[in-house]
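In: Sequence first, predicted model second:
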There are 2 protein chains.
Amino acid sequence: MDSIRVFAPATVANVTCGFDILGFAVENPGDEIVVKTCTKPGVIIKEIKGDAGRLSHAVHENTATISILNYLDHVGSDAGLEIYLYKKMPFGSGLGSSAASSVAGVFAVNELMGQKLRTEELLKFALEGERVASGSAHADNVAPSLLGGFVLIRSYDPLDIIKIKTPEKLHAVIIHPEIEINTKDARNILKKNVPIKSAIRQWGNVGGLIAGLTMNDFGLISRSMEDVIIEPVRSMLIPGFDQVKSSALEAGALGCGISGSGPSMFALSTAVDLATEIGHAMQDQFAQIGIKSEIFISEINQQGPIILD
Amino acid sequence: MDSIRVFAPATVANVTCGFDILGFAVENPGDEIVVKTCTKPGVIIKEIKGDAGRLSHAVHENTATISILNYLDHVGSDAGLEIYLYKKMPFGSGLGSSAASSVAGVFAVNELMGQKLRTEELLKFALEGERVASGSAHADNVAPSLLGGFVLIRSYDPLDIIKIKTPEKLHAVIIHPEIEINTKDARNILKKNVPIKSAIRQWGNVGGLIAGLTMNDFGLISRSMEDVIIEPVRSMLIPGFDQVKSSALEAGALGCGISGSGPSMFALSTAVDLATEIGHAMQDQFAQIGIKSEIFISEINQQGPIILD
C-alpha cells in the first residue's frame, strides 16, 4: 500500500454534565486525510483544503502531522510521507476539528505501516496533536474520534478511557452557528473553584447519564442532561443560546447543550426524523437573531476512523 | 393483622466518590421494629432496646415514629399504634442507623394498613425522620434501606432515585471501630467550595463507578473507588484510617472508604471468603492502635425491608 484515504469523525465533548470526561463521535461531519508514501524521508504537508487558509503547513504546527511525527518517532521510522488534509467540518466550531485531523493522521499512517500498533495505542500520539491545538491534552474529543462511541475519560493521570454502551436509537443533532469562539478563551472564563453543592448536583447528573445510557433509560438520560457549572458561564458566549436550547427541548430533544467549548450546540434524540425536526427548530431560532447555521444529523458513530475507497 | 415485625437494612452512603448521591444496602446489620395496633388512638413508643438509653421515647423526636406520624397524617389515619424498636447495629456509626429505623417504621405501618402506598411512595415519610436525625433530609441512607440495592440519588430537587444494577458477586465488608463521630460535625468540617480540577476528577470517578457496576467491570469499579474531595478531610476524624484502608486493598478489596460520615469504614469485594479476609485485615490494623472493632460481611441487600415472623 502506498496511499491511503481515511475519515475520522467529529465529536461532541462534555455532553452537558460531563465537562472534560465525556464525549461521543458522530457519523457526520468529519475530516479526511490522504497519506502517500514517497522515497524521500520526512513528512511534508502537500495540501490542506477546507480551512480557508488558516491551518499551518508546518509539520510541527499542524495537529495531523504532530500526531504522525510522534507516532513515527515511537516506532522508529524515517518513512517519507506526503499529507493531504481535507477539513470537512466547520473550523473552531467545538466539534473536535483538530482532534479529528489528529486521529485521522495517526490512524492512516498506522494502517500504511501494517498496523504496527493497536488502535487504542494510537491515543497518546493523537493527544499530542490536541495539546498543540488547545493548550492541553484533553482527551474528550480525541478518544471518541479514535475509538468511536460514547466515551468516558475516568482519569487523565493515569489515562483511563472507557467506552460506554449506548442505546441503538440514540441520534445526535449538531448545529453550528456562524460565530467563532476560541477554545482557550472558552476555558479561561471558567471559575477555578465551584460550590460543593453544584459539584454534587453535577456528579449526580454524571451518574444518572451513565446509568441511563448503559441501562437504556431515555427518561433518565433526559433528566441527567443538565450542566449547572460550565453551561451557565459558557452559554453567555453564544447569542440566543437559551432560546435555541428551549426550542430543541420543545421539539422533543432528550437534552441539549454546548458541544465542547462551543459555539456549536448539540441535542440528543431517539429517532432520526425527530432529530431532523429538532435541528430545524434550533436553526429557526438562530435565524431569528440573524445567525446562519448548519445542521448535521447522525447516529452515534461506533467505529471511529475508517479507510475510504 | 394486629402486629408486625420488620427488619430494615443498614446502608453505606457515599461509597467513596459518590458523596450525597450514592448508597447501598447490606444484609447485615439492620434494625428491627415491632408495631402493634391498639384501641386507643395515637402512636406511643413502648420500648427501645440496643441504644444504650440514648434515643428519645418522645414520638416527635424519634426517627421511626416521625416517619410513622408523617405517614399516618398523609393517609388520614388516627390509628392507635405501639412501637417496639430494636436497634441491632452500632449507634452513630455511619451505617444509616436512623435511616434504617425510619424505614422500618413506615414500612411496618404501611404493611399493617394493607399497603395503602407503594414502597417507593414511602420514601418521603422516611426522609422526614432522617431530617430530624442529621439536620437535613439526605436520601443516601434512606433510599437504599427502603428500596434495597445500590441506589443513585441523581437529584434532590426534584427527588430522583435510580436503582443501579450491580454484579451478583459483589460483597461488602463493614467495619465499625469503637469511636464516635457526630454526623453534623462530620458535615461541618467539609469545605463549601472545591477546586474545579478535583470536582472533574470526582465526577469522572462517579461515571466510572456507575459504568463499572452496570457493565459488570470489577477493574473499573476498583479504579473508580477514589474520593479526592471528602475522604481527605473526613478521614482525619478516624484514627488509623490510612493504614486500615491500605490493609483492605492489600488483602484484595476492590476499594475501601468511609461509610457515610464515619467512623465505620467499608470495602467491596468479589467473594464472601475474600471479604472475610479483608475484614480481618482491617480489624487487625485497628487493633494495632488499640481500637476495638466489629465486622459485618454480606452481599448487597437487594430487597430493602422485610417482614419477620
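Out: That came through fine.

In: Give me the packing partners of the worst-scoring helix or strand of chain A on mean pLDDT, helices and strands only.
Out: In chain A, the helix or strand scored least confidently by mean pLDDT, DSSP states H and E is helix A:183-188, which has a mean of 72. Contact here means 3 or more Cβ pairs under 8 Å, 6 or more residues apart in numbering or on different chains; DSSP states H and E; on that basis helix A:183-188 packs against helix A:123-134. The C-beta positions use only the backbone N, C-alpha and C, and glycine is treated the same way.

In: Which SSE is immediately downstream of the helix it packs on?
Out: helix A:142-147 (DSSP states H and E).

In: Tell me the helices and strands packed up against that next one.
Out: Here helix A:142-147 touches strand A:3-13, strand A:22-38, helix A:97-112, helix A:123-134, strand A:150-156, strand A:159-164, going by 3+ Cβ pairs under 8 Å, 6+ apart.

In: and it, how far out from the chain's middle?
Out: 8 Å (Cα atoms, centre = their mean, to the nearest Å).

In: sorry, back to before: for residue A:233, find the nearest of the helices and strands packed on helix A:142-147.
Out: Of all the helices and strands packed on helix A:142-147, it is strand A:3-13 that lies closest to residue A:233, at 15.9 Å by Cβ to Cβ.

In: Now do the contacts for the residue in the stretch 51-200 of chain A that chain B sits nearest to.
Out: Nearest residue of the stretch 51-200 of chain A to chain B (Cβ to the nearest Cβ) works out as residue A:154 at 3.8 Å. Residue A:154 makes contacts with A:21, A:160, A:161, A:162, B:204, B:205, B:207, B:208, B:220, B:223, B:224, as judged by Cβ atoms under 8 Å, 6 or more residues apart in numbering or on different chains.

In: Ok, residue A:232 next?
Out: Residues counted as contacts of residue A:232 (Cβ under 8 Å, 6+ apart): none.

In: host element of it?
Out: When elements are assigned from DSSP H and E, residue A:232 belongs to helix A:231-234.

In: List the buried residues for that helix?
Out: Using 16 or more other Cβ atoms under 10 Å in any protein chain shown as the test for burial, helix A:231-234 gives A:231, A:234.

In: Only alpha carbons, please: show that helix as CSV.
Out: Extracted in CSV, the C-alpha atoms of helix A:231-234 (Å, rounded to 0.1, in the frame of the first residue of the first chain):
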residue,chain,number,x,y,z
GLU,A,231,-23.0,25.9,30.7
PRO,A,232,-24.2,28.9,32.8
VAL,A,233,-20.8,30.6,32.1
ARG,A,234,-20.0,29.5,28.5
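
In: For residue A:77, which residues are in contact?
Out: Taking Cβ under 8 Å, 6+ apart as the criterion, residue A:77 is in contact with residue A:113.

In: quick one: it is in a strand?
Out: No: according to DSSP: H, G, I helix; E, B strand; the rest coil, residue A:77 belongs to no strand; its state is coil.

In: Need the per-residue pLDDT for it.
Out: Looking at residue A:77, its pLDDT is 95.

In: how much space between it and residue A:39?
Out: Separation of residue A:77 from residue A:39 (Cβ to Cβ, to the nearest Å): 14 Å.

In: Repeat that for residue A:111.
Out: Between residue A:111 and residue A:39 the computed distance is 20 Å (Cβ to Cβ).

In: and residue A:246, what is it in contact with?
Out: Residues in contact with residue A:246 (Cβ under 8 Å, 6+ apart): none are found.

In: Heading C-terminal from the helix or strand hosting it, find the next helix or strand.
Out: According to DSSP H and E, residue A:246 maps onto helix A:241-250. Of the helices and strands lying after helix A:241-250 in sequence (DSSP H and E), the nearest is strand A:255-258.

In: Can you list the strands that that following strand pairs with?
Out: Strand pairing for strand A:255-258, using DSSP bridges, gives strand A:265-269 (antiparallel).

In: Need the contact partners of the strand it pairs with.
Out: The contact list for strand A:265-269, computed with Cβ under 8 Å, 6+ apart, reads A:12, A:15, A:170-175, A:177, A:221, A:225, A:238, A:241, A:244-245, A:248, A:252-259, A:275, A:278-279, A:282.

In: hmm, try it at 7 Å
Out: The contact list for strand A:265-269, computed with Cβ atoms under 7 Å, 6 or more residues apart in numbering or on different chains, reads A:12, A:170-175, A:221, A:244, A:248, A:252-259, A:275, A:278, A:282.

In: of these, buried ones?
Out: In terms of neighbour count (16+ other Cβ under 10 Å), the buried residues within the contacts of strand A:265-269 are A:12, A:170-175, A:221, A:244, A:248, A:253-259, A:275, A:278, A:282.

In: Show me how chain A divides into domains.
Out: Per the record, chain A has its domains at A:3-164+A:302-308, A:171-299, by automatic domain parsing.

In: Help me confirm that residue A:122 comes into contact with residue A:110.
Out: Yes: using Cβ atoms under 7 Å, residue A:122 is in contact with residue A:110, at 5.9 Å.

In: Looking at these two, which is more packed in?
Out: When neighbours are counted by other Cβ atoms under 10 Å in any protein chain shown, residue A:122 and residue A:110 differ, and residue A:122 comes out ahead with 27 against 23.

In: nearest residue to that one other than its sequence neighbours?
Out: Leaving aside its sequence neighbours, residue A:122 sits nearest to residue A:106 (Cβ to Cβ, 6 or more residues apart in numbering or on different chains; 4.9 Å).

In: Likewise for residue A:104?
Out: Leaving aside its sequence neighbours, residue A:104 sits nearest to residue A:8 (Cβ to Cβ, 6+ apart; 3.6 Å).

In: ok, what's across the strand from that neighbour?
Out: Beta-bridge partners, per DSSP bridges, of residue A:8: residue A:31.

In: that older thread, out of the helices and strands packed on helix A:142-147, which is the most enclosed?
Out: Of all the helices and strands packed on helix A:142-147, helix A:97-112 has the most neighbours on average by mean count of other Cβ atoms under 10 Å in any protein chain shown, namely a mean of 30.

In: And the contacts of that helix?
Out: So helix A:97-112 is contacted by A:1, A:4, A:6-11, A:30-33, A:35, A:37, A:63-65, A:67-68, A:71, A:81, A:85, A:87, A:89, A:91, A:116-117, A:122, A:125-126, A:129-130, A:133-134, A:141-142, A:145-146, A:305, A:307 (Cβ under 7 Å, 6+ apart).

In: related to what we said a few turns ago, just the closest of the contacts of residue A:154 to residue A:43, please.
Out: residue A:161 (26.7 Å).

In: Unless I'm misreading it, residue A:132 sits right up against residue A:63, doesn't it?
Out: Yes: using Cβ under 7 Å, residue A:132 is in contact with residue A:63, at 6.1 Å.

In: Mind giving me the packing neighbours of the biggest helix by length in chain A?
Out: If you go by DSSP state H, chain A has its longest helix at helix A:196-214. Identification of packing neighbours for helix A:196-214 by 3 or more Cβ pairs under 7 Å, 6 or more residues apart in numbering or on different chains; DSSP states H and E yields strand A:159-164, helix A:218-224, strand B:150-156, strand B:159-164, strand B:193-195, helix B:196-214.

In: okay if I get the ones you listed as TSV plus mean pLDDT and distance to residue B:265?
Out: Output for these, formatted as TSV (pLDDT from 0 to 100; distance: least, Cβ to Cβ, whole Å):
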stretch	mean pLDDT	distance to residue B:265
strand A:159-164	96	25
helix A:218-224	98	30
strand B:150-156	97	18
strand B:159-164	96	22
strand B:193-195	97	23
helix B:196-214	98	17
